[in-house]
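Q: curious how this folds, go ahead:
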Amino acid sequence: MLSVPLDPTQLRWQQFWVIEFEKKVIACGQLRLFEDAQELGSLVVAKGWRNQGLGSVLARHLIQKATQPLYLECLGQRLATYYQRFGFGPVDWDKLPRSLQQKFGTSKTSATLLRLPLVIMHCPD
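A: Residues are numbered from 1 along each chain as shown. Modelled structure (predicted):
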């Protein structure tokens, strides 16, 4: 089913929301909880189910369920553009909560070294 590499940090199944069809997971996403923020992550839709709005349904649901300031990280402008439709916008590094600076630090360093387009975003309340 969802044979994609998920970010192994904060991978707790209790934080996941899933969409199933005939007892198979066809989409998932999670809200990772940090001390002073939440992160929308691991939003994945199975190949045969893409472009049918399932990712949008999950994204909207997770945004609605967030109880703290909500952030995410995207590798590439295509994903950043996708999340902009839900109200997310780029955020400066120094505006991130400390817990997310620690979490995203490895991604930022790797993206800088490999010259990859990393976009960190925030969804206003």
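Q: give me the neighbour count for residue 34.
A: By the measure other CB atoms under 10 Å, the count of residues near residue 34 is 17. Where C-beta positions appear, they are placed from N, C-alpha and C, glycine not excepted.
Q: do you know the pLDDT at the closest residue to it other than its chain neighbours?
A: Counting by CB to CB, 6 or more residues apart in numbering, the nearest residue to residue 34 once its immediate chain neighbours are dropped is residue 99, at 4.0 Å. pLDDT recorded at residue 99 is 94.
Q: go ahead and confirm residue 99 touches residue 32.
A: No. In this structure, residue 99 is not within contact of residue 32 by CB atoms under 8 Å, at 10.1 Å.
Q: who touches residue 60 in this structure?
A: Residue 60 makes contact with residue 86 under the criterion CB atoms under 8 Å, 6 or more residues apart in numbering.
Q: what residue lies at the spatial centre of the protein?
A: In the chain, the C-alpha nearest the mean C-alpha coordinate belongs to residue 41, at 2.6 Å (CA atoms, centre = their mean).
Q: let me know whether it touches residue 32 as I believe.
A: Yes. In this structure, residue 41 is within contact of residue 32 by CB under 8 Å, at 5.5 Å.
Q: next secondary structure after the helix ranked longest in the chain?
A: Longest helix in the chain by number of residues (criterion: DSSP state H): helix 98-114. Downstream of helix 98-114, the first helix or strand assigned by DSSP states H and E is strand 118-123.
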